[in-house]
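Chemist: dropping the sequence and predicted coords here.
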Amino acid sequence: MVFLHASPIHGRHKTQIARSPFVALLLPLILAGCVSIDSFQASPRNVCAGDTVTVSWHATGHVELKANPPLAHTGSKPSAGAEQFLVQQTTRFVLNTQCLFSHKTAEADVVVVANATKEFGGLVSCIPEQKLTLSVPLQEPQVSSALRVTSVTNMNTRPIMLSKENVQVPLLPAQTSRAFEHQAALGSWEVTAALNPNETCDDALDAVRDRLTFQIAFSCRD
Amino acid sequence: MSIPDQLKTIVVVMMENRSFDHVLGYLALPQFGGRTDVDGLLHSDTDPAFANEYDHQIYRPFSMSDGPLNSDMPHSRREVSTQLAFRRKRATMSGFVQAYVDLTHSVVETPPILGYMTPASVFMSNFLARNFLVCDRWFAPLPADTQPNRAVAWTGCSLVDDTKGRIIPHRDLVLDWLTTYKVRWRVYHSGLSFFLLFGLLDTALGDKFRSIRQLAGDLATDSNDTAPQVIFVEPEYNDSPIHFGNIPNDNHPPLAIGPGEQFLRDIYATLSRSPRWANTMLIVTYDEHGGFFDHVPPLPIKSAVPAGALYSEPFTTTGVRVPTIIASPFVPSGTCYSGSLDHTSILQLFAEMFAGDRRKYSEDVNLRLDQGIESVSSALMKTQRTDIPVAPATPVMVQQLIRSTKHVLNENQKAFALAGQNILTYDSGKAIGKFPELVHLDTSRSSLSPPPPTVVPDHDWKPRTIKRPSRKRIKKLLKKPKKTSKKATR
C-alpha cells in the first residue's frame, strides 16, 4: 500500500485512499512497529559435536528460523518459542522476521570447539596493595556441560593465579598448563594477578588495560 | 607550524561512519607492510587493549571482506557509551560487542563491529595512505552519531546530541563564516547535500552549490580570481531517501565500502590532474566511527553545553578515532601525523589561513584548541613536493543506478526527506534544477516525520502540503527554471 502513493503513475482513487488521515497515521506505525526482535539466543554457544542446543526467540512479524548448514525443523515459526537441535558441526542460526516492507535479522553461532581454544576474561577489579581480581562464571549459555579442559594459557603480560574449584595454578605470561585437564569447563574460574611492590591499583590497571584474560583449550567428555 | 604560502585550495571530503582501526588499522600489521609509525592493529590478537568482552568471552578484531552488512552498527550517544565502557573515568574500549548484541540480538563469533578492512577492500585509502599523510589521532569531536558530529564539523559546536528526523538546529555554518571573511567557497554534491539538513534554502539553490559532475570542468576553467579557496565535496549519502544517477557511496553501513573507495579515487584523480594540484590540499575524513571498533580511547576534551542545546549533559570526551588522510604536495609521502586533531582542526585551519589567527573561528573552537586540539596546519610541511602519484586503476565494479527511492526508515533518512520537502516548498523550480532527484521525492511519505523541537525557531519544521509538479510542469521548470519558479514568502 505504501508504494501506491509513492508512485505518480497510480490512479487518483488509490492515491486518495493512501493519503487519508487514517492511513497517514497508521503508516508510520505499520512501517516502524510491525517487526521487532526482542530476544534470540542459542544455548550453549560452545559445544561438542552431538550436543543438543536450545534456540529460543521472541519477535514480532512473520518469523522464519534458518540454520547454516541446514538442519531439520527450521522454517516458519510462531513469534515466540524455543526449539532444540542436535548439532554436529559449527552452525549459524538465523532468525528473520518480516512485515510489509520491514525486516530484521538476528544471528546466533554455535561453535563445535573440541580441539580448539577460546579466550575468556573481562574487566577486573583491584584490591589495593594486594591484587587484581576477576571472576569468570562459565555457565550453560557459554559452554556445554560436555566440554572438558585440555589446557589453559595465560594471555596477560604479567603472572596470574588461575583457580577453579580446588585446583589453583600459577601461570607466567604466555605459559600453558594442563593442571585442569579433564575438568569440566563449566563452573566458576577465578583469575588474580598480584600487584608489584609499591604498585598502585591505577598503575596495575593501566598496565593490563583493565583486563585479564585466559585461554582454554577444549576437548569433549568421552 | 604556519601555512605554506603556496597553499591556495582546501578540499574537504567527509565520508560516513567508519573507525580508524576498521579502515586503516591494517597499516600496522606485518603482512601489510607493518608501518611502525601508525597506531593500528599490531598485536591485536594478544594485546589486552583489543580484547572485547561479551558474557565473559573475549572477542578480537578480525579481517573482513568488503560487502553489504546485515544492519547498521550501534553508534548513538548511549550506544557509544556502552562501547567505550568507562572504568575509573577512562574509556576501556571493551564494550563494542556488548553494544552490537544489545542492538542486534546477534551473538556471533565474528561480530562485524570488530571487522577490519585490508588493502584489497580499501584500495584507494591504501593508495592515499602510502603516498601521502595519515592522521592517526584524528577523532570525531563527540561520542555520538551523525548529526551532532557534522554539526561540530560545520559550525564548531552542536546543539543536538542525537540524530533525528528534523532540520538540525545550529549556530552559524562554516559557509557563513567563509562568506564573512570573503573566502570563495563551493559545495560539490553527488546527490542531496547534507547542508540542506541545516535548513539552507537560498544558499543551496545558488551558484555555490554545484553538481559533482561540474568539478573537473570548473577546476580546468576557473581563473585565479574565481576559483574557490575552499571546496566541500559530498558523496551520495546512503541516508538520502532518493538517488538519481549515483549509487550511495558515503560508506555508511550497511553499504559496502567499495563504491566509497571509487568515489575517493574519482575525487583524487580529478584534483591531481587539474592545473591547481600544486596548490591544493585534500582532506579525507569521516564524520564519526559509525559503531566500528577502535582501540584508542577518546581524548578528554570537554565541551560546554551551548545555549539553546537540546541536551543537558555535557560531553567530556571526543568521539572515537576516525580515518583521516591528507593528500597534498605539502605533506611528505607515506607518513603519519599523531598530533591531536578533530573536525574543528579544519575550522582552526580556516581561521589561520583566512583570518590570520587560528583563534578567530569561534569561542567553541577555541575551547577545544585550549584543551589540545591542533590545527590541520600542524601536519603540513613548508616545502612543496613535485611528484604527483597516479591514482590506481579501479578494481571495483561500481553498479550504475538510475533511480532508487527507499522507504524512510531511520532518523537521518527522515531528516533528508524533510530537507528535500523544505527546499521543494521554497522554490520547486530551482530545487529540481539543482537537485534533480527531488523529482522523485515522495513528499507525502516524508511528511510522516515528527515535528522537531522548538528551541531554534528559524529552523522549525511545520507540516506543509506540497503539490508535486506534474511531469509536464517539471519539464517546463527544467527548461526555464528562473521564469517559472515560484518563490515562497521567506
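Modeler: It's in. Numbering: from 1, shown residues only, chains lettered A, B, ... in the order given.

Chemist: report how many residues lie close to the closest residue in space to residue B:377 that isn't next to it in sequence.
Modeler: Nearest residue to residue B:377, sequence neighbours excluded (Cβ to Cβ, 6 or more residues apart in numbering or on different chains): residue B:3, at 5.0 Å. Using the backbone N, CA and C atoms, a C-beta is placed for each residue, glycine as well. Residues contacting residue B:3 under the criterion other Cβ atoms under 10 Å in any protein chain shown number 19.

Chemist: for the one 5 residues further on, same thing?
Modeler: Counted with other Cβ under 10 Å, the burial measure for residue B:8 works out to 16 neighbours.

Chemist: which ones are touching it?
Modeler: B:227, B:229, B:276, B:279-280 (Cβ atoms under 8 Å, 6 or more residues apart in numbering or on different chains).

Chemist: quick one: it from residue B:296, how far?
Modeler: 34 Å (Cβ to Cβ, to the nearest Å).

Chemist: could you do residue B:217 as well?
Modeler: Residue B:217 is 41 Å from residue B:296, by Cβ to Cβ.

Chemist: check residue B:337 too.
Modeler: 14 Å.

Chemist: now do the strands in the stretch 101-250 of chain B.
Modeler: Secondary structure of the stretch 101-250 of chain B, counting by DSSP state E, counting those that start in this stretch: strands at B:115-116, B:133-135, B:138-139, B:185-189, B:209-211, B:230-234, B:242-244.

Chemist: what's the closest of the ones you listed to chain A?
Modeler: Closest to chain A of the strands of the stretch 101-250 of chain B is strand B:242-244 (Cβ to the nearest Cβ; 10.5 Å).

Chemist: helices and strands around that closest one, which ones?
Modeler: On a contact count with 3 or more Cβ pairs under 8 Å, 6 or more residues apart in numbering or on different chains; DSSP states H and E, strand B:242-244 meets strand B:403-405.

Chemist: can you give me the helices for chain A?
Modeler: For chain A, the helices defined by DSSP state H occupy A:2-6, A:12-18, A:21-33, A:201-207.

Chemist: least reliable of those going by mean pLDDT?
Modeler: By mean pLDDT, the lowest-scoring of the helices of chain A turns out to be helix A:2-6, with a mean of 30.

Chemist: who's more crowded, residue B:217 and residue B:296?
Modeler: Shown here are residue B:217 and residue B:296; by other Cβ under 10 Å, residue B:296 has more neighbours (19 against 11).

Chemist: give me the low-pLDDT residue ranges for chain A?
Modeler: Low-confidence segments of chain A (pLDDT under 70): A:1-33.

Chemist: ok, now with 80
Modeler: Where chain A drops to pLDDT under 80, the residues are A:1-33, A:100-101, A:221-222.

Chemist: do chain B as well
Modeler: B:1-2, B:245, B:394-409, B:439-440, B:442-490.

Chemist: about what we covered before: now do the residue nearest to residue B:377 against residue B:368, distance only.
Modeler: 19 Å.

Chemist: can you check residue B:123 too?
Modeler: Counting by Cβ to Cβ, the gap from residue B:123 to residue B:368 is 34 Å.

Chemist: ok, those two, which is more surrounded?
Modeler: For residue B:123 versus residue B:368, neighbours defined as other Cβ under 10 Å are more numerous around residue B:368 (26 against 21).

Chemist: grab the nearest non-local neighbour of that one.
Modeler: residue B:344 (5.1 Å).
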